[in-house]
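Peer 1: task: produce atomic coordinates for the following.
(chains A, B, C and D)
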2 protein chains.
Amino acid sequence: MAAGEDRTTRSTVRTITDLARLAGVSPGTVSRALAGKSLVNTRTREKIEALAREHGFRPNQMASGLRRQKTGVIGVVIPLGHDTRQQISDSFFMTLLGFLADELTTHGYDLMLRRVVPGDDADWLDRFIGSGMIDGVIVIGQSDQFERIEEVADGYRSMVVWGNHQEGQRHCVVGTDNRLGGRLAAERLIAGGARRIAFVGDTGPMEFAARFAGAQDVAVRMGLPEVLPLATHLSPDRASEEIAGHLARHGRQIDGIFAATDTLAALCLTQLRAQGLRVPDDVKLVGFDDLPIARQTIPPLTTVRQDIAAGARGLVDLLLRRLGGETTESLVLPPELVVRETA
Amino acid sequence: MAAGEDRTTRSTVRTITDLARLAGVSPGTVSRALAGKSLVNTRTREKIEALAREHGFRPNQMASGLRRQKTGVIGVVIPLGHDTRQQISDSFFMTLLGFLADELTTHGYDLMLRRVVPGDDADWLDRFIGSGMIDGVIVIGQSDQFERIEEVADGYRSMVVWGNHQEGQRHCVVGTDNRLGGRLAAERLIAGGARRIAFVGDTGPMEFAARFAGAQDVAVRMGLPEVLPLATHLSPDRASEEIAGHLARHGRQIDGIFAATDTLAALCLTQLRAQGLRVPDDVKLVGFDDLPIARQTIPPLTTVRQDIAAGARGLVDLLLRRLGGETTESLVLPPELVVRETA
DNA sequence: GGGAATCTTGCAATCGTTTGCAAATGATCC
DNA sequence: GGATCATTTGCAAACGATTGCAAGATTCCC
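Peer 2: You can find the predicted model right below:
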């Protein structure tokens, strides 16, 4: 059986030198043959390739990486805000990660994943970059680390960040136009008849702040009362109670809710129902992200869609161009209102 | 500013040799000092550490890995069945991945993520292992690759797999007792009065097959008709139609549904409602996993809970012990019935 | 057949860190 | 002060693959 053979012989031919001995050539030639360079004779190349296949030989990536000064690995780092457990169940980041993995694989790169709690060490990003293990890094979410990222960007080119774009920033970012998304949401609520709008979610993180600001833009422009910020944490268990509290206090005064994420919107739906408020009749509701859950709530969520797959493609594309020496602009993706039944 | 200083000098002190020159010692001494070995004089060690900090020096992991023959990286690979897009939105795997990342980080390991489509290359696992980039590998989900994994396990010790345990298998696996979970689900359905039970989901993958078998066990033991398998894909869009079709055909003949995952259960809920069937009055429904979504459906799902965090801990713990040379048994985790309102 | 031009190959240095061994330094004791 | 012993250090050889350079082998042309 081929597999068995594989295993017995694998121990004997682990290095390019072993293979060279078998093929009766020098290690250099083997290296060139396997790299597919044109400098080696077709016959020898074929012989070497055959031997390599037969013995299941794979060149050691560490050694290769060391010598060539590139590893074929892209680092992906998720900084977790103060709220440590924050994104663990956040399917948005996880979905993005899935697409990133696919996209990087397609381009022949491996993905090294790291989750860090910036509060614990200020050095989180430098450490990752300086490790020598990665050719470039994708930061998923600016969290509260905007300044740190800016500083790093000044001295390190091979980085792209998922997040919000701000006028004049120095790091290359890919992300949805959150402010526009906020406007779309508020416009929809108002078009449906809402006059007194609340924003459910933490306005601390930049992305959320921009969504909130967008909604505010519209309220002001229309001469409506200001949008009421109702702060929550992101983890479902805490948010659930918090939302219940907010609604108990303000539920009867508002007729429109813009939730910072679909996850929060789903919780709002549950709590609204618990408090006897009908959606969309008494209160209209718009979410953000268009995660799978948005289709599965009852009634299904009207929400602002982020194109996650396009985001992943953008991140990888820009990073690869930066690795190639290009200077790249940031990429701002347009959000899209998806109308279902809650607004 | 310290950060600025960092950046200007970084270029000048990239290697351990640079640092050695600065400190006036040999590279070997620097290496030992930074490794915290007791062989170096406290004073020199402190001096070196100070210099390293000052210049933001980090030893190159590639070189270190090459020399020490270990990388500090654990590979995590997700084999995707024929249904390529299968798990992309599957929050179960993504959640497990999140916990794995935390757990590995805690133990000082980095995580290299790879998603593969085994159909495309039979070599997927060997290639990953043979790359020399990882000290060990965690395979998430056996998919349809049970045999391939068995073969690899014969020649490679540093591997642990998430999946279903089968009598006499040779690879070390961590997973929930799916069959028992199936039994719990069926027992609950029957205790609530169900007599004619359907299983929604693909019975191809081992885990699902075991869940189905568990339900069947109970049906047979109780003298009820056999459990009716209603096959679906995993991706929500396709599954949705399929479930609608199944229900149109069999909806009136069944009074209990055991869904292979919570995601599918949520879809069932929507489709049942669309067809005018009430849950739990007309049809009882039990899911599997206890993902966050299980709490957010209306009514909330009764489901069989898998302890994902414990699973991640188990995977990492066993793998680390294997790296240390121990021989480890598989770990089968007990599922737990979580009663909410659908059954 | 001789010489130039073109292909192939081997040699050896290199990537940056670790580590066995031996030399150097310092401490200790009589 | 000298012999003994324990600490610290430096030296140089690894780890495994890549690559500039130069030598050896072929081919080609007149």
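Peer 1: tell me the domain boundaries of chain A?
Peer 2: A:2-59, A:73-177+A:308-336, A:178-305 (automatic domain parsing).
Peer 1: a strand runs through A:Glu46, doesn't it?
Peer 2: No - judged by DSSP: H, G, I helix; E, B strand; the rest coil, A:Glu46 forms no part of a strand; its state is helix.
Peer 1: quick one: neighbours of it, just the number.
Peer 2: The burial count assigned to A:Glu46 is 12, neighbours taken as other CB atoms under 10 Å in any protein chain shown. All C-beta atoms are positioned from the backbone trio N, CA, C, and that covers glycine.
Peer 1: equivalent analysis for A:Asp237, please.
Peer 2: A:Asp237 has 13 nearby residues by other CB under 10 Å.
Peer 1: that one in helix, strand or coil?
Peer 2: Assigned with three-state DSSP, A:Asp237 falls in the helix class.
Peer 1: strands of the stretch 51-200 of chain A, start to end?
Peer 2: Here the stretch 51-200 of chain A has its strands, by DSSP state E, counting those that start in this stretch, at A:73-79, A:110-116, A:136-140, A:159-162, A:173-176, A:197-200.
Peer 1: adding mean neighbour count and mean pLDDT, write those strands out as JSON lines.
Peer 2: As requested, the strands of the stretch 51-200 of chain A are exported to JSON lines (neighbours: other CB atoms under 10 Å in any protein chain shown; pLDDT from 0 to 100):
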{"stretch": "strand A:73-79", "mean neighbour count": "24", "mean pLDDT": "94"}
{"stretch": "strand A:110-116", "mean neighbour count": "22", "mean pLDDT": "93"}
{"stretch": "strand A:136-140", "mean neighbour count": "24", "mean pLDDT": "96"}
{"stretch": "strand A:159-162", "mean neighbour count": "26", "mean pLDDT": "97"}
{"stretch": "strand A:173-176", "mean neighbour count": "25", "mean pLDDT": "96"}
{"stretch": "strand A:197-200", "mean neighbour count": "26", "mean pLDDT": "97"}
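Peer 1: include distance to B:Pro79 when you put the ones you listed into JSON lines, please.
Peer 2: Putting the strands of the stretch 51-200 of chain A into JSON lines (distance: least, CB to CB, whole Å) gives the following:
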{"stretch": "strand A:73-79", "distance to B:Pro79": "20"}
{"stretch": "strand A:110-116", "distance to B:Pro79": "16"}
{"stretch": "strand A:136-140", "distance to B:Pro79": "24"}
{"stretch": "strand A:159-162", "distance to B:Pro79": "27"}
{"stretch": "strand A:173-176", "distance to B:Pro79": "29"}
{"stretch": "strand A:197-200", "distance to B:Pro79": "39"}
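Peer 1: which of the domains of chain A sits most buried?
Peer 2: Comparing the domains of chain A by mean neighbour count (mean count of other CB atoms under 10 Å in any protein chain shown), domain A:178-305 comes out on top with a mean of 21.
Peer 1: what about it, start to end distance?
Peer 2: One end of domain A:178-305 to the other measures 10 Å (CA to CA, to the nearest Å).
Peer 1: and the closest residue to A:His55 other than its chain neighbours, how far is that from DNA strand D?
Peer 2: Distance criterion CB to CB, 6 or more residues apart in numbering or on different chains; nearest residue to A:His55, sequence neighbours excluded, is A:Val13 at 4.5 Å. Per CB to the nearest atom of the strand, to the nearest Å, A:Val13 is found 9 Å from DNA strand D.
Peer 1: model confidence for A:Val13, exactly?
Peer 2: pLDDT, A:Val13: 89.
Peer 1: related to what we said a few turns ago, just so I know, which of the domains of chain A lies nearest B:Gly24?
Peer 2: Closest approach to B:Gly24 among the domains of chain A (CB to CB): domain A:73-177+A:308-336, 23.3 Å.
Peer 1: give me the phi and psi for the residue of the stretch 101-250 of chain A found nearest DNA strand D.
Peer 2: Nearest residue of the stretch 101-250 of chain A to DNA strand D (CB to the nearest atom of the strand) works out as A:Gly132 at 12.8 Å. Here is the backbone geometry of A:Gly132 (degrees, to the nearest 10): phi 80, psi 0.
Peer 1: list the contacts for it?
Peer 2: By CB atoms under 8 Å, 6 or more residues apart in numbering or on different chains, A:Gly132 lies in contact with A:71, B:58-63.
Peer 1: one more pass at 10 Å, please.
Peer 2: With contact set as CB atoms under 10 Å, 6 or more residues apart in numbering or on different chains, A:Gly132 has these partners: A:65-66, A:69, A:71, B:14, B:58-65.
Peer 1: ditto for A:Arg53
Peer 2: By CB under 10 Å, 6+ apart, the contact set of A:Arg53 is B:Asp123.
Peer 1: ditto for A:Arg127
Peer 2: By CB under 10 Å, 6+ apart, the contact set of A:Arg127 is A:77, A:114, A:116, A:121, B:56, B:58.
Peer 1: just list what the helix or strand where A:Ala215 lies packs against, helices and strands only.
Peer 2: According to DSSP states H and E, A:Ala215 maps onto helix A:206-221. Helix A:206-221 is packed against strand A:173-176, helix A:178-191, strand A:197-200, strand A:228-230, strand A:256-259, strand A:284-289, with contacts defined by 3 or more CB pairs under 10 Å, 6 or more residues apart in numbering or on different chains; DSSP states H and E.
Peer 1: swap in 7 Å and give it another go.
Peer 2: Applying 3 or more CB pairs under 7 Å, 6 or more residues apart in numbering or on different chains; DSSP states H and E, one finds that helix A:206-221 contacts helix A:178-191, strand A:197-200.
Peer 1: direction included, what does the last one pair against?
Peer 2: Just to be clear, that refers to strand A:197-200. Sheet pairing for strand A:197-200, assigned by DSSP bridges, gives strand A:228-230 (parallel), strand A:256-259 (parallel).
Peer 1: so which pair among the contacts of A:Gly132 is furthest apart in space?
Peer 2: Greatest spatial distance in those: B:Arg14 and B:Gly65, 16.9 Å, computed using CB to CB.
Peer 1: circling back: and the strands paired with strand A:197-200 as a markdown table, adding distance to DNA strand D and mean pLDDT?
Peer 2: Formatted as a markdown table, those follow (distance: least, CB to the nearest atom of the strand, whole Å; pLDDT from 0 to 100):
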| stretch | distance to DNA strand D | mean pLDDT |
| --- | --- | --- |
| strand A:228-230 | 55 | 95 |
| strand A:256-259 | 51 | 97 |
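Peer 1: could you export the ones you listed as TSV, including distance to B:Thr302?
Peer 2: As requested, the strands paired with strand A:197-200 are exported to TSV (distance: least, CB to CB, whole Å):
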stretch	distance to B:Thr302
strand A:228-230	31
strand A:256-259	27
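Peer 1: among those, which comes closest to A:Val25?
Peer 2: The nearest among these, by CB to CB, is strand A:256-259 at 65.4 Å.
Peer 1: alpha carbons of the closest one, as PDB, please.
Peer 2: What follows is strand A:256-259, C-alpha atoms only, in PDB (Å, rounded to 0.1, in the frame of the first residue of the first chain):
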ATOM      1  CA  GLY A 256     -38.100  53.300  16.100                       C
ATOM      2  CA  ILE A 257     -35.000  51.400  17.100                       C
ATOM      3  CA  PHE A 258     -31.700  51.200  15.200                       C
ATOM      4  CA  ALA A 259     -29.700  48.400  16.600                       C
END
